[in-house]
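Chemist: A predicted structure for the sequence below; I have some questions about it.
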There are 2 protein chains.
Amino acid sequence: MNNGRFAISLHILVLLDKAKGELLSSDYMAGSININPVLVRKELVNLREHGFVLSKEGKNGGSTLAKTANKITLGSLYQSVKGNYLLGNHKNDPNPLCEVGRDINRHLNDLYDETEKRLIDELNKQTLADFSNRFA
Amino acid sequence: MNNGRFAISLHILVLLDKAKGELLSSDYMAGSININPVLVRKELVNLREHGFVLSKEGKNGGSTLAKTANKITLGSLYQSVKGNYLLGNHKNDPNPLCEVGRDINRHLNDLYDETEKRLIDELNKQTLADFSNRFA
DNA sequence: TAAACTGTAATAAAAATAGTTACAAATAAA
DNA sequence: TTTATTTGTAACTATTTTTATTACAGTTTA
């Protein structure tokens, strides 16, 4: 988490959910999030690649949800945004001559993997529909 | 997580646990982690403030665990390192005129708080002793 | 054919992290 | 009591990551 992209992606998805199938432009969404439209379009690339949204080019184009909001779990969204690097992101290069240094990365990765699995399980208990319903 | 400081802190604590009460210098620990000794000392400030370690100044000084390894949970370590900002770290400033933008930060914070609580619960199931025992 | 979009690359700016240097203060041991 | 070793800390620099901007080609509608 701790990742601005998750917030942006979720914001986009809530807007699209509220739009009820109407196409929203990246400019419009950028106005709600208050960021640059190009960032929205970049985030849409990822959301499309993961099957969350569909986009239509050209005049009157825009984006819409690719599936109903109760089929989109927050865990899968989290995973799509995190991509490769897991919780860790520790790219230390500890001393291989030290007994602890030699093995710490492996053990940290194990710990991170286990912990992240739980985090995703937890997030998967909630869908976009649940989150969207938090709004009045 | 996603925080290099957690990795450094845990590395320090494992070294201190393995040292069985013997004082370790920041230079020695920096050599195992392969980072600058000043970073170790900075991290020790935090570990001291949270009661995890004790340090002794002057010649032959160094640090040692302030309590036994099975009294130090990984959740409390995580919390001490995260300090104030939680999972979120989203400092977006969304459009208050948009119905979604107006409330998203509140809902994101709620989501992050709930999720992080679970994360910490999960980490709290493991102590430094458990983690340290992963090493041969 | 003009207007309104998306898609994308290239670049720049800003923010967050990590690393370095320098030195005062404390302590132990010669 | 002097020297060596170590912590504590401030100030600064460098690096990396994140975010923002500019620019423009390609698509689609009216």
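Modeler: Received the coordinates, thanks. Treat the numbers as computed from the prediction; the structure is a model and nothing was measured.
Chemist: what are the C-alpha coordinates of stretch A:18-32, in CSV please?
Modeler: Output of stretch A:18-32 as CSV, limited to C-alpha atoms (Å, rounded to 0.1, in the frame of the first residue of the first chain):
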residue,chain,number,x,y,z
LYS,A,18,-21.0,6.2,-9.9
ALA,A,19,-21.2,7.0,-13.6
LYS,A,20,-23.3,3.9,-14.2
GLY,A,21,-21.9,3.0,-17.6
GLU,A,22,-21.5,6.5,-19.0
LEU,A,23,-18.1,7.1,-20.4
LEU,A,24,-15.9,9.4,-18.4
SER,A,25,-12.9,11.3,-19.9
SER,A,26,-9.5,11.3,-18.3
ASP,A,27,-9.8,15.1,-18.1
TYR,A,28,-13.0,14.9,-16.1
MET,A,29,-11.5,12.3,-13.7
ALA,A,30,-8.3,14.2,-13.4
GLY,A,31,-10.4,17.2,-12.3
SER,A,32,-12.0,15.1,-9.5
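Chemist: ok, the one residue sitting closest to the centre of chain A - contacts?
Modeler: Taking CA atoms, centre = their mean, the centroid of chain A lies closest to residue A:81, which sits 3.5 Å from it. With contact set as CB atoms under 8 Å, 6 or more residues apart in numbering or on different chains, residue A:81 has these partners: A:3, A:5, A:6, A:9, A:46. In short, each C-beta sits where N, CA and C put it, glycine included.
Chemist: For stretch A:51-67, what is the distance to the chain centroid?
Modeler: In this view, stretch A:51-67 has its centroid 17 Å away from the chain centroid, taken as CA atoms, centre = their mean, to the nearest Å.
Chemist: buried set for it?
Modeler: For stretch A:51-67, a neighbour-count test (16 or more other CB atoms under 10 Å in any protein chain shown) marks A:52, A:53, A:54, A:55, A:62, A:63, A:64, A:65, A:66 as buried.
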